[in-house]
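Enquirer: need a structure here:
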Amino acid sequence: MTKPSVWKMIKEAVEHFNGKASNSDIKKYINKKWEGVNNRTISDQIHVLTVNSKSRINYNINKVPRLTNSGSLYDLLYTTGRGQVVLYNSTEHGIWEIYKDGSNKLRVRQFGNNSIPKTYLFLWNPKKWDWKSLEQEIDILNSNGSFTRRWSCGKTKSIQPGDRIFLIKVGTEPKGIIGSGFAVSETFCDEHWGSENKNTNYINIEFDILLNPNNKKILTVDKLKVGNLSKQNWQPMASGISIRPVLVDELEEIWFNFLTAQKFKYNPFIPKENNPQKTYREGTPNQILATIYERNPYARKKCLEHFGYTCFVCDFNFEKKYGQIGKSFIHVHHLTQIAKVGQTYEIDPINDLRPVCPNCHSIIHRHKIPLSINELKKIINENAD
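Expert: Below you'll find the predicted structure:
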């Protein structure tokens with residue numbers, strides 16, 4: 001009997017066990033049916049075929065970036081851990097990808113994973129580094145709506161673009177959170193900020209808010225050491241510490257409420273009248289406001305908990321159309337025009353925000369005065385076939 005390729009043997013073996021088998025089961029099945037198949041070869045091929053195996057990129061067939069919905073014959077298995085594999089199902093297990101990171105190295109990760117991003121705590125200690133440009137960078141942020149700078153993440157290499165970042169001041173009083181933003185790069189290595197003789201890891205952070213503790217109130221550590229938040233170490237020794245997922249919602253809420261209660265000149269969560277921004281990343285004040293609210297985790301979460309993930313204009317739902325890869329994907333639109341907002345305005349995610357698909361969101365903001373949801377619905381109905 002002519003032997004098939006080893007990957008075909010593995011596929012047959014897993015199917016024999018009703019789509020779920022251990023590595024040991026696979027080897028026993030193959031060795032019983034075909035003679036002379038090396039067990040090391042079987043193990044290697046199992047790694048090649050397993051979409052969530054990090055070691056699969058060590059084999060030539062997987063040294064090209066791709067998604068696991070691209071039709072490759074070698075995206076066959078999914079490991080559930082401890083030497084157990086099942087037949088890969090993209091709907092159940094999600095889309096995975098082989099990709100190149102910032103250092104041009106091949107990696108494996110889940111693609112389109114729309115779960116809540118990880119949240120990390122970064123440190124600033126004035127005793128170790130004098131942030132002389134802080135006030136200048138705050139001015140740039142206030143003008144542009146964001147400011148991006150690199151920051152050391154210590155030994156942490158798991159941070160991905162889109163992960164949430166909080167910056168906490170330690171070392172001198174007042175101690176507490178002075179900024180927040182999002183990672184906009186993967187980790188990269190460069191010369192250490194405090195020494196020319198060694199390197200350290202960095203990421204680029206796009207800050208949505210920065211506060212100068214010398215002239216502004218900050219969210220002090222004592223406010224973070226109450227209730228469940230007291231379970232987190234708010235004065236670690238290094239940047240890049242993961243904030244416990246069960247605490248993230250509470251942290252976002254206390255940060256949101258702290259900022260909306262202050263009368264800062266610039267607050268990304270409260271639109272302002274008669275204080276227009278000088279430059280806009282997306283062209284108009286309304287568009288940058290939409291970006292701010294879209295990216296604010298607390299406001300977004302509360303809106304979507306109430307309204308769900310179906311577009312309020314056209315009723316499109318990404319998960320229903322695209323399956324797992326579209327789960328939890330939607331934009332969030334702010335109903336109130338900036339010109340109608342007073343300086344004492346505080347956002348209510350239920351009354352002020354609505355889920356809309358990216359297409360409808362773009363059309364809403366095509367004009368200087370955005371269309372209302374009802375106006376866009378009327379346009380869609382008038383142009384329906």
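Enquirer: leaving out chain neighbours, which residue sits closest to A299?
Expert: Residue nearest to A299 in three dimensions, not counting chain neighbours: P349, with 4.6 Å by CB to CB, 6 or more residues apart in numbering. To be clear about C-beta, it is placed using only N, CA and C from the backbone, and glycine gets the same treatment.
Enquirer: burial count for the one you found?
Expert: 22 (other CB atoms under 10 Å).
Enquirer: repeat that for K198.
Expert: 8.
Enquirer: surely C153 meets L121?
Expert: No - look at C153 against L121 with CB atoms under 8 Å: they stay out of range, at 10.4 Å.
Enquirer: out of the two, which sits in the busier spot?
Expert: C153 (24 against 21).
Enquirer: show me what counts as buried in the helix or strand the more buried one falls within.
Expert: Using DSSP states H and E, C153 maps to strand 147-154. Neighbour-count burial for strand 147-154 flags 147-148, 151-154 (criterion: 16 or more other CB atoms under 10 Å).
Enquirer: which strands and helices sit next to that strand?
Expert: Counting by 3 or more CB pairs under 8 Å, 6 or more residues apart in numbering; DSSP states H and E, the packing neighbours recorded for strand 147-154 are strand 119-124, helix 134-144, strand 199-210.
Enquirer: give me the residues contacting it.
Expert: Applying CB atoms under 8 Å, 6 or more residues apart in numbering, the external contacts of strand 147-154 come out as 120, 122, 137-138, 140-141, 159, 165, 167, 184, 187, 190, 192-193, 200-207, 210, 238-240.
Enquirer: do the same with stretch 160-168
Expert: Contacts for stretch 160-168 (CB under 8 Å, 6+ apart): 109, 117-124, 151, 175-186, 205, 207, 210, 221, 234-235, 243, 248, 251-252, 255, 297.
Enquirer: can you select the buried ones among those residues for me in PyMOL?
Expert: Paste this into PyMOL to select the buried members of the contacts of stretch 160-168, with burial taken from 16+ other CB under 10 Å:
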select buried, resi 117+118+119+120+121+122+123+124+151+175+176+177+178+179+180+181+182+183+184+185+186+205+207+210+221+234+243+248+251+252+255+297
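Enquirer: going along the chain, name the helices of the stretch 201-350 of the chain.
Expert: In the stretch 201-350 of the chain, the segments counted as helices under DSSP state H, counting those that start in this stretch are 221-224, 245-261, 285-295, 297-307, 318-322, 349-352.
Enquirer: picking up where we left off before, need the helices and strands packed on strand 147-154 in TSV with distance to T336 and mean pLDDT, can you?
Expert: What follows is the helices and strands packed on strand 147-154, written out as TSV (distance: least, CB to CB, whole Å; pLDDT from 0 to 100):
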stretch	distance to T336	mean pLDDT
strand 119-124	28	96
helix 134-144	21	89
strand 199-210	19	91
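Enquirer: looking at the ones you listed, which is closest to V64?
Expert: strand 199-210 (26.4 Å; CB to CB).
Enquirer: now that closest one: buried residues?
Expert: Quick answer for strand 199-210 (16+ other CB under 10 Å): 200-210.
Enquirer: which helices and strands sit right next to it?
Expert: If contacts are counted by 3+ CB pairs under 8 Å, 6+ apart, strand 199-210 sits against helix 134-144, strand 147-154, strand 164-169, strand 176-183, strand 188-191.
Enquirer: same list, those, but as JSON lines with distance to N317 please.
Expert: Shown next, in JSON lines, are the helices and strands packed on strand 199-210 (distance: least, CB to CB, whole Å):
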{"stretch": "helix 134-144", "distance to N317": "34"}
{"stretch": "strand 147-154", "distance to N317": "33"}
{"stretch": "strand 164-169", "distance to N317": "25"}
{"stretch": "strand 176-183", "distance to N317": "25"}
{"stretch": "strand 188-191", "distance to N317": "37"}
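Enquirer: out of these, which gets nearest to K105?
Expert: Among these, strand 188-191 comes nearest to K105, with 11.1 Å by CB to CB.
Enquirer: list the contacts for T41?
Expert: T41 makes contact with V6 under the criterion CB under 8 Å, 6+ apart.
Enquirer: ugh, typo on my part, it should be N52
Expert: Going by CB under 8 Å, 6+ apart, N52 touches 78-79, 93, 96, 108, 110.
Enquirer: same question, L371
Expert: Contacts of L371 (CB under 8 Å, 6+ apart): 363-364, 379.
Enquirer: ok, now W129?
Expert: Going by CB under 8 Å, 6+ apart, the list of residues near W129 reads 193-194.
Enquirer: E382 now?
Expert: By CB under 8 Å, 6+ apart, the contact list for E382 is empty.
Enquirer: likewise for Q45?
Expert: Q45 sits in contact with 6-7, 10, where contact means CB under 8 Å, 6+ apart.
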